[in-house]
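Enquirer: Pasted the sequence and its predicted model underneath.
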Amino acid sequence: MKKIFSILVFTIAGINLLFAQCLPNGDYQFDVNTGVNMTPFMSPAFISSLNISGQNATIVAVSGGVFVAYEDITGVPATTLAVWGDDTSTDDRDGAISGADVDLYLVTDDSLYSISSPDLPLTYITNGIPVLASPATTDALEVCFLGCGDPDALNFDGSITNGSCGYPLLGCTDETALNYNADATDNDGSCNYDILGCTDSNANNYISDATADDGSCTYDVSGCTDNTANNFNADATVDDGSCSFVSPISYPINAGWNMAGYTGGQISGVNDALTSALPNGTNLEATFDVIKKVTGAFWTPTFNQFNQFIPGEGYMIKVKTGQGTTASFNQP
């Protein structure tokens, strides 16, 4: 239904209409097709009597407080006016009712006039073609334009304010921020962003202000940090006092038979234990004839009945003539 909104306030007293004299600032024209209409003919005598030379001019028809027609008559000598009839298939009134008065008004660039003539008001008759043959007279109506009159508003246009003003909405306008406000029109500097860092309070690089974990957390590794210790841990970041140090037991091994105990800290292959205990470059085959256990089992560089030294066990070692040396077995 095309109401005239705030444009016209009607008080019925006989056939008089009183106006609030306010027009919307902008296009008041509507595209309406109710399926029924009346088509008055506006004659040259009628249009020329309106004295609109050099102005933009529109004829507006009103019936029962509803816009029912408009026609641009700028620069035309004569024309018709399609007056919409009410569409009875809907509850809303969107046109003139049969037998109702239809009043005409003239709207120029910035003025509003009522139109009087012997042929007015029209009476709405569907499919009727009344003729406005007589000259008309116009009476100026005081008019104002509704719009936004607040200079602080975004849509200020100098008109009388009718509640249509729009104002800036402060907020965060950055879509990447945590508190982005899609409705905000002006950024107020309130945007908040993720702070990357380690969010695990158990980590040694925990950042209490971090809002998003970036995978950078590091943790203390306990162990022996002394690289001279036999249990040095290269990955340890915190020394836990577990470092242990081994001083080797050195004793001479003379040519002939020697009784020696294996003082290493763990079971070890004979070849490996001897190689690490003897001076660098010692040739085992050139140095030893045989090594025997108390059980009688024996080992030679080329053949053996056992191949491991057991911590704490004693061994009979026969060294070849002229090959005496010193053995240094690490102790536990």
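Expert: Thanks, I have it.
Enquirer: Now do the domain split for this protein, please.
Expert: With domains defined by automatic domain parsing, the chain comprises 22-147, 249-329.
Enquirer: can you redo these as JSON lines with distance to G223 and mean pLDDT?
Expert: No exception for glycine: its C-beta is placed from N, CA and C like everyone else's. Shown next, in JSON lines, are those (distance: least, Cβ to Cβ, whole Å; pLDDT from 0 to 100):
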{"stretch": "domain 22-147", "distance to G223": "79", "mean pLDDT": "85"}
{"stretch": "domain 249-329", "distance to G223": "18", "mean pLDDT": "91"}
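Enquirer: Name the stretch among the ones you listed that sits most buried.
Expert: domain 22-147 (a mean of 17; mean count of other Cβ atoms under 10 Å).
Enquirer: Ramachandran coordinates for A273?
Expert: Per-residue torsions, A273: phi -60, psi -50 (degrees, to the nearest 10).
Enquirer: thinking it is in contact with G265, fair?
Expert: No: A273 is beyond contact range of G265, at 10.9 Å (criterion: Cβ atoms under 8 Å).
Enquirer: all helices of the stretch 1-150 of the chain, in order?
Expert: 44-48 (DSSP state H, counting those that start in this stretch).
Enquirer: So E285 belongs to a helix, correct?
Expert: Yes: counting by DSSP: H, G, I helix; E, B strand; the rest coil, E285 is part of a helix.
Enquirer: excluding its backbone neighbours, what's nearest it?
Expert: Excluding its sequence neighbours, the residue lying closest to E285 (Cβ to Cβ, 6 or more residues apart in numbering) is P301, at 3.9 Å.
Enquirer: Contacts only, for the one you found.
Expert: L284, E285, F288 (Cβ atoms under 8 Å, 6 or more residues apart in numbering).
Enquirer: what about it, which SS state?
Expert: Relying on three-state DSSP, one would call P301 coil.
Enquirer: Repeat that for T275.
Expert: helix.
Enquirer: Let me have the domains of the chain in a markdown table, extended by distance to T228.
Expert: Below are these laid out as a markdown table (distance: least, Cβ to Cβ, whole Å):
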| stretch | distance to T228 |
| --- | --- |
| domain 22-147 | 89 |
| domain 249-329 | 17 |
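Enquirer: To P168, which of these lies closest?
Expert: Closest approach to P168 among the domains of the chain (Cβ to Cβ): domain 22-147, 18.0 Å.
Enquirer: Could you give the separation of the closest one from the chain centroid?
Expert: 52 Å (Cα atoms, centre = their mean, to the nearest Å).
Enquirer: just the helices in the stretch 151-300 of the chain please.
Expert: Here the stretch 151-300 of the chain has its helices, by DSSP H, counting those that start in this stretch, at 270-277, 284-287.
Enquirer: now those helices as a markdown table including distance to K318?
Expert: Output for the helices of the stretch 151-300 of the chain, formatted as a markdown table (distance: least, Cβ to Cβ, whole Å):
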| stretch | distance to K318 |
| --- | --- |
| helix 270-277 | 13 |
| helix 284-287 | 10 |
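Enquirer: Would you tell me which of those helices gets closest to F309?
Expert: Using Cβ to Cβ, the nearest of those to F309 is helix 270-277, at 4.9 Å.
Enquirer: which residues touch that closest one?
Expert: Residues contacting helix 270-277 (Cβ under 8 Å, 6+ apart): 248, 262, 264, 282, 284, 288, 291, 299, 304, 306-309, 327-329.
Enquirer: if you set the cut-off to 7 Å instead, what comes out?
Expert: The contact list for helix 270-277 (Cβ atoms under 7 Å, 6 or more residues apart in numbering) reads G264, L284, W299, N307, Q308, F309, A327, S328, F329.
Enquirer: same thing with stretch 319-332?
Expert: Residues from elsewhere that reach stretch 319-332, judged by Cβ under 7 Å, 6+ apart: 246-256, 258, 260, 262-265, 277-279, 282, 286-289, 311.
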